[in-house]
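**Q** Model the structure of this input:
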Amino acid sequence: MTTEAHNADHELIQAAARVARDRCRGDNHTVAAAARAQDGRIITAVNAYHFTGGPCAELVLIGTAAAQGAYELDTIVAVGDRDRGVIPPCGRCRQVLLDYFPTLKVIVGNNDRRRSVLITDLLPESYVWADHQLDAG
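**A** So this is what the prediction gives:
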């Protein structure tokens, strides 16, 4: 990982950690996510936990980014509240992130094992929704 990539990753991790620390309260919001849009903006969001299955922070972030006009994301990270550090995306988030952003980089690991990997590396032999849609033409 280059120094520039490392610094960018650190900036995203810090943004997510700040939101997790300042905005995650109680059991309803326990994870924050931060992503860098193609234009360089950093977008943040928190999960919306509910016993019926509320959305993860990564999924809330997709909608938040779209609401801000950011339809292409470059890198994403999720961070747990109470200083739990970087959290890898769950299976559902991996699938959704792959379908929305097939070239997305995801920050995983903690401390000296932290790295940025392609979403395709987190979901090998994946089902790609777009590949299985009937041609409307």
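
**Q** contacts and neighbour counts: CA atoms only from here.
**A** Noted.

**Q** so Thr75 touches Leu104, yeah?
**A** Yes: with contacts counted by Cα atoms under 8 Å, Thr75 reaches Leu104, the gap being 5.7 Å.

**Q** Who has more neighbours out of those two?
**A** Neighbours were counted for Thr75 and for Leu104 using other Cα atoms under 10 Å; Thr75 has more, 24 against 21.

**Q** ok, now how distant is that one from Gly54?
**A** 23 Å (Cα to Cα, to the nearest Å).

**Q** Tell me the buried residues in the least confident helix or strand in the chain by mean pLDDT?
**A** When the helices and strands of the chain are scored by mean pLDDT, DSSP states H and E, helix 3-23 comes last with a mean of 86. The neighbour-count check on helix 3-23 (16 or more other Cα atoms under 10 Å) flags 9, 12-13, 15-21, 23 as buried.

**Q** list the helices and strands it packs on?
**A** Counting by 3 or more Cα pairs under 8 Å, 6 or more residues apart in numbering; DSSP states H and E, the packing neighbours recorded for helix 3-23 are strand 31-37, strand 42-46, strand 73-80.

**Q** possible to save those strands as TSV with mean pLDDT?
**A** Shown next, in TSV, are the helices and strands packed on helix 3-23 (pLDDT from 0 to 100):
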stretch	mean pLDDT
strand 31-37	98
strand 42-46	98
strand 73-80	98
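
**Q** Point out the most buried one among these.
**A** Highest mean neighbour count of these: strand 31-37, a mean of 28 (counted as mean count of other Cα atoms under 10 Å).
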